[in-house]
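Participant: Provided below are the primary sequence and the corresponding predicted coordinates.
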Amino acid sequence: MAGMITADEARALQRDYVYAIDDGKLAEWPTYFTDPCLYKITTRENLRQGYPLSIMLCDNQAMLFDRVEATEKANIYEPHMYRHILSDAQVIKAEGEVISVRTSFICVRTMLDGSMSLFVSGEYLDEVVRDKGRCRFRSKTVVLDPSRIDTLIAIPL
């Protein structure tokens, strides 16, 4: 089906996206995006002030695949996993073949020793389009509520 993305399709994309991350299927992560795309992690304060600073910035699928490869093969970090809890997505704008939605989230981080912590909270600001017959993110901005996080973000949010 070509044309406008529905809110239900955008919600399903978001759901499947976080399950892929939470299930450790990082190799699938870039496939949720168009090419080119925008994936950006920033803070609420940076966004509010209009600062272009970001914690992570990728603008095409190759950069996303490089991020996965670095996470799986090169980066040294204490192994852990995430569990995302999502709010319902709110449609911000639906125009042409693009739907813009925002979704609040919290992410719990669990370490191998079983210890858990509320790692981060924030919201996703997404532009969703149909690409090659599938709903994908053209843009995903991850806006973190805190200005600082306690560790390097090794796994994408």
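Facilitator: That came in fine, so what should we check first?
Participant: The closest residue to Thr6 other than its chain neighbours and Thr42: what is the separation?
Facilitator: Closest residue in space to Thr6, ignoring its immediate chain neighbours: Ile99 at 7.6 Å, by Cβ to Cβ, 6 or more residues apart in numbering. Where C-beta positions appear, they are placed from N, C-alpha and C, glycine not excepted. Here Ile99 is placed at a distance of 21 Å from Thr42 (Cβ to Cβ, to the nearest Å).
Participant: How about Glu123?
Facilitator: 11 Å.
Participant: Pull up the overlap in contacts between the two.
Facilitator: Residues touching both Glu123 and Thr42 by Cβ atoms under 8 Å, 6 or more residues apart in numbering: Val143.
Participant: low-confidence ranges in the protein?
Facilitator: Within the chain, the segments meeting pLDDT under 70 span 1-2, 74-76, 150-152.
Participant: Break down it into its strands, ranges please.
Facilitator: Along the chain, the segments classed as strands by DSSP state E run 33-43, 56-58, 80-86, 90-95, 98-111, 116-131, 134-144.
Participant: so which of those strands gets nearest Asp23?
Facilitator: Asp23 lies closest, by Cβ to Cβ, to one member of those: strand 80-86, at 8.8 Å.
Participant: Ser139 touches Glu127, doesn't it?
Facilitator: Yes. Using Cβ atoms under 8 Å, Ser139 is in contact with Glu127, at 4.1 Å.
Participant: Who has more neighbours out of these two?
Facilitator: Glu127 (22 against 19; other Cβ atoms under 10 Å).
Participant: tell me, which helix in the chain spans the most residues?
Facilitator: helix 7-22 (DSSP state H).
Participant: Run the angle between that helix and strand 134-144 for me.
Facilitator: In terms of direction (axes from the mean of the first three to the mean of the last three Cα atoms, to 10 degrees), helix 7-22 departs from strand 134-144 by 70 degrees.
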